[in-house]
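# Could you work out the structure for the sequence below:
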Amino acid sequence: MFFIFCTMFSIPLSGQVNTLKDEVPPKSETIDVFAVPSEHLVNNGYLIWNFQDGSDGFANSTGEECRSHNGFLLWNQEQGNYLFSPEQLCIPAEKVHTVELRLACTPNSREGGNALLPGASPSFPNEERPPIPLILSWKQDGGAFLPPVTIPLIPDGQYHDYQIELGQNINWTGTISQLAFQTEMNGNMAIDFIRLTGLYFVPFPRITHDYETDLALLSELKELLSESDQSITIGFSFFVEYLSQTDDNGDYLWVSYHNEAATGNLNPHYIVRLAKATNMPVMIWLRGDPWGHIAGAYKQLYADNANLMWTAEISDSPAYHNSTSGYTYLCLAQEDLDGKTPVYWQQTDKLLGQCAEVIGKLIRDNPDYILGVTTTSEYKFNTEDQQDDLDYNPQTIRAFSNYCKQKYGSISALNSACGTDFETFDLQSSDFNPMTIEVENGFDAPRTRGVSTAFWDEWRTFRAQQIHQAVRRQVECISQHIDSKYIYTHQIASEIEVCESPAYCGNVPGANVGIDMFTHEATEPAIREIASFVKHDAHRSWGVPEWLVLRNGDPTLTVEAMKRMRTYSIKYLCPFPWGFGDEFDIKDTPAFEAIRNYLRE
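Okay, the predicted model is just below:
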């Protein structure tokens, strides 16, 4: 696997692995791009190897204990391709099911020889180096090693964070006594830590932005759950906004702001400061704030990218209503009528990217204190039962026209399949006035609601695909700055009042799955479907960014829902909110007491 000779390995200030020096600089000397903190949390996981005092019992293929230096486990392929953990670990598989790692690896050149040096030309310069498979196997109760799982490593010499999710693996049962890692990489590797974790329980508290008050609030929350065993890590959740929070240059407000002492509900540095002070990892919601009410210049900025919605039946004075209140009311079209990127996506690409860049640096400097980030989009579409809030923005209808044209090929084929009578895929109306008819018998979205037709079903399928595409775009933007191990989607998965979004909309490449739900929605079929998205991807996990537990909810049903989620190896769970005083605030309620007792079992 990744075996590195201490005398051949160093980690220079560039953050890359090379073979020029015979020692590794202290962690404090590395730069911020992939800097490693000098200390690790002691409560962030069931079992942690951070190699601060040696190899912590890890051995190579020959049984020889591996070398370490300044908190890194070091080795190379010459010492064999296996890395064995200590034996007799006694890991309770039912409660501990995730292996988390931070490491850097650099393969040797294709012709063999030393590992690639910083600035050196590889033997295959025009090719992107493919991922390196990392294989993990384990022993159960001291028996033989069981069939392994594999995740991809990025062989770029930079530190990256990875997870190996084992909870749904049929062989991860009983008591795990030893781990064995393997890779066929012909090169060097350094491991900063290996951590075994169970559930992350991260409520969403009412942060006041007064440091002493917030510190007391989080400390109280942690103390309430402090008797939980180490298979459960207690943290908290909070959001940072990006779309409407800009400086005078139109950039994300905190893009160049690094004063940890500063407060403010938008400052991610402040949130991390709280996490470090309380030893509670934080899940950060990257919230695109058209979810809230945008006024003034911002409302005008996003005006053409809002839903255009009927305010009356088409037979009774039809008119459009333009709103920017809520994700529900965002037009998600990827192109405007001129084929250009709409303002909403221009701003999202820019500002979400800048926000992710800031938080990416915070993660690399503080990997123990940040659990991850969520897209916090909750993109959804409205159902046929709602008379007002259906998106008829011409940008959306143009995208639907292109969808139908690609699927059916010709207008006659569409008419035959869906019972329509269009003469062209050109839009009937391409402006923002619903009464304008520019093309007789031109294409339009279905306007009759409450009646299931083939054309209406296509409309709903298209809207779901549009949501999936929008979530994927967010993830691709974030992943330019943050490892996929940290990224979770943030979607709903069922009909809530008049809105819905299929669960698969939260299952996109490059991210873990995050689905919000009420307690009554946490049924066995629903949980099984969500968990199935990651069941065969050991490098992905799933969580619930918003678990909405009613304040007066049945404590028995609350605990049953939590047990059900843990049965399917949920990675993190956020009861939302905490201390807000609304109907979902479970502070000082029988529901919370039931959760507390369950976590303490």
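
# so where's the stretch 251-400 of the chain uncertain?
Along the stretch 251-400 of the chain, the model assigns pLDDT under 70 to residues 256-266, 289-304, 306-329, 382-390.

# Go again with 50.
Residue ranges of the stretch 251-400 of the chain with pLDDT under 50: 259-263, 291-296, 311-318, 324-326, 386-388.

# shaky segments in the stretch 1-150 of the chain?
In the stretch 1-150 of the chain (pLDDT under 50), the answer is 1-39, 42, 110-126.

# Now do the strands in it.
Under the criterion DSSP state E, counting those that start in this stretch, the stretch 1-150 of the chain contains strands at 47-49, 67-69, 72-76, 82-84, 91-92, 98-107, 132-140, 149-153.

# Neighbouring strands of the fifth one in the sheet, and parallel or not?
Meaning strand 91-92. Strand 91-92 has its sheet partners listed here by DSSP bridges as strand 175-182 (antiparallel).

# For the very next helix or strand once past the strand it pairs with, which strands pair with it and how are they oriented?
Note on strand 175-182: by DSSP states H and E, the next helix or strand toward the C-terminus is strand 187-197. According to DSSP bridges, strand 187-197 forms sheet pairs with strand 47-49 (antiparallel), strand 72-76 (antiparallel), strand 98-107 (antiparallel).

# Which residue ranges of the stretch 351-500 of the chain form helices?
With helices called from DSSP state H, counting those that start in this stretch, the stretch 351-500 of the chain shows them at 353-365, 394-408, 411-418, 454-478.

# quick one on the thing from earlier: highest mean neighbour count out of the strands of the stretch 1-150 of the chain?
strand 72-76 (a mean of 26; mean count of other Cβ atoms under 10 Å). C-beta here means a position set from N, CA and C on the backbone, and glycine is covered the same way.

# Dump the strands of the stretch 1-150 of the chain to TSV, plus distance to E165.
Rendered in TSV, the data for the strands of the stretch 1-150 of the chain read as follows (distance: least, Cβ to Cβ, whole Å):
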stretch	distance to E165
strand 47-49	16
strand 67-69	27
strand 72-76	22
strand 82-84	19
strand 91-92	14
strand 98-107	5
strand 132-140	11
strand 149-153	9
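
# Show me the one of these that comes nearest G372.
Nearest of these to G372, taken as Cβ to Cβ: strand 98-107 at 11.1 Å.

# Quick check: the gap between the closest residue to Q178 other than its chain neighbours and F145.
Ranked by Cβ to Cβ, 6 or more residues apart in numbering and with sequence neighbours excluded, the top spatial neighbour of Q178 is K139, at 4.4 Å. Distance, K139 to F145, by Cβ to Cβ, to the nearest Å: 6 Å.

# Pull up the overlap in contacts between the two.
Listed as contacting both K139 and F145 by Cβ atoms under 8 Å, 6 or more residues apart in numbering are 178, 180.

# returning to that earlier point: would you mind finding the most buried of the helices of the stretch 351-500 of the chain?
The most buried stretch of those, if neighbours are counted by mean count of other Cβ under 10 Å, is helix 353-365, with a mean of 22.

# That helix - contacts with which helices or strands?
Judged by 3 or more Cβ pairs under 8 Å, 6 or more residues apart in numbering; DSSP states H and E, helix 353-365 is in contact with helix 268-278, strand 282-287, strand 370-374, helix 454-478.

# can you state the direction angle for the longest one and helix 394-408?
For helix 454-478 and helix 394-408, the angle between their directions (axes from the mean of the first three to the mean of the last three Cα atoms, to 10 degrees) works out to 110 degrees.
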